[in-house]
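Colleague: I'll drop the sequence and a predicted model, then ask my questions.
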Amino acid sequence: MMDSLLVKNVLLDGARTDILIENHRFRSLNAPEGTVADEAIDADGMAILPPFYNTHTHAAMSLLRGYADDMPLQKWLRDYIWPYEDKLTAADIREGSRLAVREMVKTGTVFFSDMYFDIEETIRIVQETGMRAAIGVTFVEAHSKSQLAEKLDMLSHWSDPSGGLITLTVAPHAIYTVGPDLLVRCSETACRLGLKLHIHLSETQKEVEDCLREQGTTPVRYLDRLGVLGPEVVAAHVVHVDDEEAEILAARGVTVAHCPCSNMKLASGVFPYERLRKAGCRITLGTDGDSSNNNLDMREEMKFAALLAKVSSGDPAAMPAEEAFAIATRNGAEAFGFDAGVIAVGKLADALLVRLDDERMLPCHHLLSNWVYAAGSSCIDTVICNGRILMKNRIL
Ligand SMILES: [Zn+2]
């Protein structure tokens, strides 16, 4: 078992240095000459950067990549995705999860927050890989009483087989698939067990209109009225919210998982980045599933997020590279309570080694600018999670 790793000659904050990782954490960012470790990597010509934390996805939906494109969300779900999903077996989920996890690691992601079914299969694949994950136990109103009991029981009695890398979340799918009583029950369960609550929220105009008609108010106000909103909530999409709703989300400490590619591809709407940022919301980044993206490349997502913020506000200074980088990395780690997401002594050792000799990284006037606006995931040479190498020389 490898307990220490020395990353030699790596570029950090503009200077070459040796970095020592010990017992899963960064021990020294300037290790002295002669430092020895169980394993050493010569990172000459590479920079070290925090990796990506994907806060909203559906891993096994990699199987539906390219299956149904170019149509609105409700039609896409009702006529294509849900009928296809009805036929998926546990073995399918395992293979879909495997494909997704390979894609994520190769594109520099060390953590994903998932929402799907047959989650034992996904958990097994995550465990094999050595990455981090928050796996959602998904709730929909259509569950039978015994299915519901089984899910609640799993949440109460599950123990992490990976020794701290995997956690469960309570994942009511959305307000249009889960009724108020079950939403409240999910919320109580999450709070009681100290777990995150992961939900789709205010994704489309139709969701807002239906909620107005059925509940007499908008989705955020509806959840707030039910008492569901709190710091444990990670709400995906949050496209259609007004100023007051942004303030409610901020006041309750809700994390907003922004999924720009999915929102653009399904034409769900334009994420109100400035509104949520000004209100003080914690904003993280997610890819959503491969079926609506159509990849899990967080570096690409980060660029789309920045470009969308600029074009939608008419302000080229909106979401500068540093902010896009933060929402894709440390904000996600923080939201899920990981002591990680930055390269600093004492932090959990999650990192990427990025090739500086790749054409897309040259010249290097500004490393972060290249990383956000120019690079591709093929610039990633090595992926480290919890002090362990998941990929080296682009080989998993
Ligand atoms: Zn989703």
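Modeller: Ah, there it is.
Colleague: Only C-alpha atoms from now on, for both contacts and neighbour counts.
Modeller: OK.
Colleague: Surely residue 298 and residue 288 touch.
Modeller: No. The pair residue 298 / residue 288 is not scored as a contact, 10.3 Å apart, by CA atoms under 8 Å.
Colleague: Who has more neighbours out of these two?
Modeller: The neighbour comparison of residue 298 against residue 288 (other CA atoms under 10 Å) goes to residue 288, with 30 against 23.
Colleague: State the distance from residue 320 to residue 267.
Modeller: 24 Å (CA to CA, to the nearest Å).
Colleague: To clarify, my last question referred to residue 352.
Modeller: Computed with CA to CA, the distance linking residue 352 and residue 267 is 32 Å.
Colleague: Which of these two has more residues huddled nearby?
Modeller: Under the neighbour definition other CA under 10 Å, residue 352 and residue 267 were set side by side, and residue 352 has more, 28 against 14.
Colleague: what about the more buried one, which SS state?
Modeller: Three-state assignment for residue 352 (DSSP: H, G, I helix; E, B strand; the rest coil): strand.
Colleague: For it, give the beta-bridge partners.
Modeller: Beta-bridge partners of residue 352, counted by DSSP bridges, are residue 49, residue 383.
Colleague: List the contacts of it.
Modeller: Contacts for residue 352 were tallied using CA atoms under 8 Å, 6 or more residues apart in numbering; they are 47, 48, 49, 50, 51, 108, 380, 381, 382, 383, 384.
Colleague: make it 10 Å
Modeller: Listed by CA atoms under 10 Å, 6 or more residues apart in numbering, the contact set of residue 352 reads 46-52, 107-110, 343, 379-385, 389, 391-392.
Colleague: Also residue 268?
Modeller: For residue 268, the set of contacting residues under the criterion of CA under 10 Å, 6+ apart consists of 72, 73, 202, 203, 204, 205, 206, 237, 239, 240, 260, 262.
Colleague: Not counting its neighbours along the chain, what's nearest the fifth one?
Modeller: So that's residue 204. residue 268 (5.0 Å; CA to CA, 6 or more residues apart in numbering).
Colleague: tell me the SS of the one you found?
Modeller: On the three-state scheme (three-state DSSP), residue 268 is labelled coil.
Colleague: ok, it to residue 131 distance?
Modeller: For residue 268, the distance to residue 131 under the criterion CA to CA works out to 31 Å.
Colleague: same deal with residue 352?
Modeller: Distance, residue 352 to residue 131, by CA to CA: 13 Å.
Colleague: so what's residue 275 up against?
Modeller: With contact set as CA under 10 Å, 6+ apart, residue 275 has these partners: 241, 242, 243, 244, 245, 246, 247, 281.
Colleague: and those, which two are the farthest apart?
Modeller: The largest distance within the contacts of residue 275, taken as CA to CA, falls between 242 and 281 and amounts to 13.3 Å.
Colleague: got any residues that touch both of the two?
Modeller: Here residue 242 and residue 281 have 248, 275 as joint contacts, going by CA under 10 Å, 6+ apart.
Colleague: more crowded one of these two?
Modeller: Here residue 242 and residue 281 are set side by side on neighbour count (other CA under 10 Å), and the busier one is residue 281, at 21 against 14.
Colleague: The more buried one touches residue 254, doesn't it?
Modeller: Yes. Judged on CA atoms under 10 Å, residue 281 makes contact with residue 254 at a distance of 7.0 Å.
Colleague: what's the overlap in contacts for the two?
Modeller: When contacts are counted by CA under 10 Å, 6+ apart, residue 281 and residue 254 have 246, 248 as shared neighbours.
Colleague: From the contacts of residue 352, which land in strands?
Modeller: Using DSSP state E to define strands, the subset of those located there is 46-49, 52, 109-110, 380-385, 389, 391.
Colleague: now for the helix or strand of the chain with the lowest mean pLDDT, which elements pack on it?
Modeller: Least confident helix or strand of the chain, by mean pLDDT, DSSP states H and E, is helix 73-75 with a mean of 84. With contacts defined as 3 or more CA pairs under 10 Å, 6 or more residues apart in numbering; DSSP states H and E, helix 73-75 has these neighbours: helix 205-215, helix 260-265.
Colleague: who touches the longest one?
Modeller: By CA under 10 Å, 6+ apart, the residues outside helix 205-215 that reach it are 73-74, 174-176, 180, 201-202, 216-222, 239-241, 268-269.
Colleague: my guess is residue 253 contacts residue 224, does it?
Modeller: No. If you go by CA under 10 Å, residue 253 and residue 224 don't touch, sitting 11.9 Å apart.
Colleague: shared neighbours, those two?
Modeller: residue 230.
Colleague: which of the two has more neighbours?
Modeller: Remark: of residue 253 and residue 224, residue 253 carries more neighbours, 19 against 16, as counted by other CA under 10 Å.
Colleague: chain center to the strand or helix carrying residue 283: distance?
Modeller: When elements are defined using DSSP states H and E, residue 283 is found to belong to strand 282-285. Offset of strand 282-285 from its chain centre (CA atoms, centre = their mean, to the nearest Å): 9 Å.
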